[in-house]
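Q: No sequence on hand, only this structure:
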């Protein structure tokens, strides 16, 4: 799932910087039931974590792109016996593809105060797979965390 991909890539990036990570899908596997705030807070306190990272999509826009190609012509001909023999062909093409744009809100919460200590909003362009977009988006988040001096640079 995209959630697991996101959490795995983020966990790997943060682990490379000395941060211990617990993936939510391992401790709160069924988010379709939308656990209430008290359930989540109780699980976080039970695990003894210092901070919680939350990311969610707050909007999505789909754009259909048309790339009008052109004309392709081809064929073959032979001159023999005073006459031309052969064939020809031609066609036009129109390439169409969809691009999704997501606005993603990310926040880092301090468990002790239950207040956000950092937030970041980004527009993410998804041309192909959503998993592929995650692989580009997560390093950008981690770079912002580094810039805010909330995580160290990558360890050697």
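A: Cool, got the structure. Source: prediction; values computed, not measured. Residues are numbered from 1 along each chain as shown.

Q: ok, now how distant is the most centrally placed residue in the chain from residue 40?
A: With distances taken as Cα atoms, centre = their mean, the residue of the chain nearest its centroid is residue 134 (2.6 Å). Distance, residue 134 to residue 40, using Cβ to Cβ, to the nearest Å: 22 Å. The way it works is simple: take the backbone N, C-alpha and C, and place the C-beta from them, glycine included.

Q: Residue 54 too?
A: 10 Å.

Q: More neighbours: which of these two?
A: A count of neighbours by other Cβ atoms under 10 Å puts residue 40 above the other of residue 54 and residue 40, at 16 against 13.

Q: just to revisit the earlier point, SS state for the residue nearest to the centre of the chain?
A: Assigned with DSSP: H, G, I helix; E, B strand; the rest coil, residue 134 falls in the helix class.

Q: quick one: average pLDDT of stretch 34-49?
A: Rounded to a whole number, the mean pLDDT of stretch 34-49 is 86.

Q: For that stretch, which outside residues touch it?
A: With contacts defined as Cβ atoms under 8 Å, 6 or more residues apart in numbering, stretch 34-49 is touched by 22, 27-28, 52, 111, 114.

Q: Now, those that are in helices?
A: residue 27 (DSSP state H).

Q: ok, and the most crowded of the contacts of stretch 34-49?
A: Within the contacts of stretch 34-49, neighbour counts (other Cβ under 10 Å) peak at residue 52, which reaches 18 neighbours.

Q: Tell me what it is bridged to.
A: residue 109 (DSSP bridges).

Q: contacting residues around the residue nearest to the centre of the chain?
A: Contact analysis of residue 134 by Cβ under 8 Å, 6+ apart lists 2, 5-6, 9.

Q: So which of these is the closest to residue 126?
A: Among the contacts of residue 134, residue 2 lies closest to residue 126 (Cβ to Cβ), at 10.0 Å.

Q: just the strands in this protein please.
A: For the chain, the strands defined by DSSP state E cover 51-80, 83-110, 115-126.

Q: so what's residue 135 up against?
A: Residue 135 sits next to 5, 9 when contact means Cβ under 8 Å, 6+ apart.
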